[in-house]
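>>> fold the following and give me the result.
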Amino acid sequence: MKKTLLLSALALLSVNVVTAAEPSPEEAAGMFDPARENRLEQSLCNAGKAILLYIPNRLLDLSDVISLSLGAGPEASLDVAVTQYAQLGGAFGTSYTLQNGFHRQYGVAMIESQRFGAGCWNYDETYVRSVWGPINEYWVNNQEFSLVNRHRDVYRDKDLDFWAISVKAGWLVNAGVAIHPLELGDFFCGLLFIDLDNDDL
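Here you go, the predicted model:
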């Protein structure tokens with residue numbers, strides 16, 4: 001009797017083990033992969049978001065191409081640059097500036113400047129503080145008339161655009177405009193859903 005019960009228990013246990021180890025039909029066919037399913041779902045979400053925000057992102061990319069500024073304060077400026085490798089002029093004084101600046105810095109900034117540049121050489125002491133809006137605060141502290149250095153923190157952190165083509169002029173009231181060639185490339189690539197600057201919404 002005991003032997004019969006023991007054999008029955010072993011048979012039942014072996015059936016349960018085999019059943020638990022048996023894969024589902026999808027798994028057996030190699031069709032179910034949770035990681036792949038998650039990647040597919042994420043890809044579909046990203047594609048839907050890119051299509052939904054296509055026009056807003058292209059308008060933002062286009063606005064990144066040109067920066068405008070209008071300032072007032074005890075400052076005299078006359079500054080022209082075709083990238084920092086070809087510049088002439090400078091700015092001296094303090095101004096409060098309304099701007100749509102490089103890398104979507106929109107708002108009002110206080111700018112204190114003592115700078116002069118000629119060719120690829122410049123002297124630059126500039127301090128920028130945000131008064132209102134998402135404007136990066138930074139300090140350029142180049143107290144010697146020396147070759148420009150595109151590896152400075154202000155260019156790496158996109159506070160300023162090293163490659164900008166710009167002009168700024170004024171006395172007590174000043175105005176400036178800058179074109180950002182690399183942002184133009186980001187705009188045209190964005191038409192093909194390629195986000196070079198990784199700044200899409």
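>>> list the buried ones in the helix or strand harbouring residue 186?
Element membership for residue 186 (DSSP states H and E) is helix 181-190. Across helix 181-190, burial judged by 16 or more other CB atoms under 10 Å covers 183, 186-187, 190. No exception for glycine: its C-beta is placed from N, CA and C like everyone else's.
>>> do stretch 83-96 as well
In stretch 83-96, the ones that count as buried by 16+ other CB under 10 Å are 83-84, 87, 89-91, 93, 95.
>>> ditto for stretch 156-169
For stretch 156-169, by 16+ other CB under 10 Å, it's 159-164, 166-168.
>>> which two from the residues you listed end up farthest apart in space?
159 and 167 (19.4 Å; CB to CB).
>>> closest one to residue 150 out of the buried residues of stretch 83-96, please.
Within the buried residues of stretch 83-96, proximity to residue 150 (CB to CB) peaks at residue 84, which comes in at 6.9 Å.
>>> now that closest one. Nearest residue, chain neighbours left out?
Once flanking residues are discounted, residue 84 sits nearest to residue 148: 4.5 Å by CB to CB, 6 or more residues apart in numbering.
>>> and residue 34, how far is that from residue 41?
According to CB to CB, to the nearest Å, residue 34 stands 11 Å off from residue 41.
>>> what's the answer for residue 93, then?
Counting by CB to CB, the gap from residue 93 to residue 41 is 56 Å.
>>> ditto for residue 55
Counting by CB to CB, the gap from residue 55 to residue 41 is 25 Å.
>>> ok, residue 127 next?
48 Å.
>>> cool, residue 173 as well?
55 Å.
>>> again with residue 66
The value you get for residue 66 to residue 41, if CB to CB is used, is 39 Å.
>>> who has more neighbours, those two?
More neighbours surround residue 66 than the other of residue 66 and residue 41, with 13 against 10 (other CB atoms under 10 Å).
>>> look up the closest residue to that one, ignoring the ones flanking it.
Using CB to CB, 6+ apart, the nearest residue to residue 66 is residue 179, at 5.8 Å.
>>> OK, contacts around the one you found?
65-66, 164-166 (CB atoms under 8 Å, 6 or more residues apart in numbering).
>>> mind running it again at 7 Å?
65-66, 164-165 (CB atoms under 7 Å, 6 or more residues apart in numbering).
>>> ditto for residue 134
Here residue 134 is in contact with 105-107 (CB under 7 Å, 6+ apart).
>>> any idea which of the residues you listed is closest to residue 71?
Minimum distance to residue 71 across these is 12.5 Å, recorded for residue 107 (CB to CB).
>>> which secondary structure elements does the helix or strand containing that closest one contact?
Taking DSSP H and E as the criterion, residue 107 maps to strand 105-119. Based on contacts counted as 3 or more CB pairs under 7 Å, 6 or more residues apart in numbering; DSSP states H and E, the elements that strand 105-119 packs against are strand 87-101, strand 121-132.
>>> any idea of the mean pLDDT for stretch 49-61?
Across stretch 49-61, pLDDT averages out at 92.
>>> list the buried residues in that stretch.
57, 60-61.
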